[in-house]
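Undergrad: I would like the atomic coordinates for the input below:
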Amino acid sequence: QVQLVESGGGLVQAGGSLRLSCAASGRTFSSYAMGWFRQAPGKEREFVSGIDWSGSVTKYADSVKGRFTISRDNAKNLLYLQMNRLLPEDTAVYYCASGSFLPLVHRYDYWGQGTQVTVSS
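TA: Numbers count the residues shown, from 1 in each chain. Got it, this is the predicted structure:
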């Protein structure tokens, strides 16, 4: 059974930083592309960033490009999202997902439970 568990969320002031982690288990982590999505109250889930199985190909939403960095450690089965220069509009529940690195929700087959990120102004 595949499990994805996010951690690292919290409350931070605008301009601050957080690093999210996603611990994966249940299948060969290094074989699958991964992504981060977020969902704010009353809004649809949106793509944040994706990374291929090797870590050599990454994609970012325009809204986070230059501020967020996705990475992975295949030896530890961990996915990361380093978030810098956070803005109040980054406030959302952040989800990691497995199966793709593209900004297409339906391409992902497993999802974590999410971690809340709140950015105060």
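Undergrad: okay, CA-based contacts and neighbour counts for the rest of this
TA: Noted.
Undergrad: Name the nearest residue to the residue most central in space within the chain, ignoring sequence neighbours.
TA: What sits nearest the mean C-alpha location of the chain, by CA atoms, centre = their mean, is Trp36, with 2.6 Å. Of all residues not flanking Trp36 in the chain, Cys96 sits nearest, at 4.5 Å (CA to CA, 6 or more residues apart in numbering).
Undergrad: Can you verify my assumption that the one you found contacts Tyr108?
TA: No: using CA atoms under 8 Å, Cys96 is not in contact with Tyr108; the gap is 9.7 Å.
Undergrad: And these two? Which one has more around it.
TA: Neighbour totals were compared for Cys96 and Tyr108, and Cys96 leads with 30 against 18 (other CA atoms under 10 Å).
Undergrad: so that one sits in a helix?
TA: No: Cys96 is assigned strand when assessed by DSSP: H, G, I helix; E, B strand; the rest coil, not a helix.
Undergrad: State the pLDDT value of it.
TA: At Cys96, the model reports a pLDDT of 98.
Undergrad: Given the strand or helix carrying Gln82, what are its sheet partners and their directions?
TA: Using DSSP states H and E, Gln82 sits in strand 78-83. Strand 78-83 has the following strand partners under DSSP bridges: strand 18-25 (antiparallel), strand 68-73 (antiparallel).
Undergrad: The first one: how far from the chain's middle?
TA: Looking back up the chat, that one is strand 18-25. Relative to the chain's own centre, strand 18-25 is displaced by 8 Å; criterion: CA atoms, centre = their mean, to the nearest Å.
Undergrad: buried ones in it?
TA: Leu18, Arg19, Leu20, Ser21, Cys22, Ala23, Ala24 (16 or more other CA atoms under 10 Å).
Undergrad: can you dump the C-alpha coordinates of that strand into CSV?
TA: Extracted as CSV, the C-alpha positions of strand 18-25 are listed here (Å, rounded to 0.1, in the frame of the first residue of the first chain):
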residue,chain,number,x,y,z
LEU,A,18,9.4,26.8,5.2
ARG,A,19,10.6,23.4,3.9
LEU,A,20,7.9,20.7,3.3
SER,A,21,8.8,17.1,3.3
CYS,A,22,6.9,14.1,1.9
ALA,A,23,7.8,10.6,3.1
ALA,A,24,6.9,7.9,0.7
SER,A,25,6.5,4.2,1.3
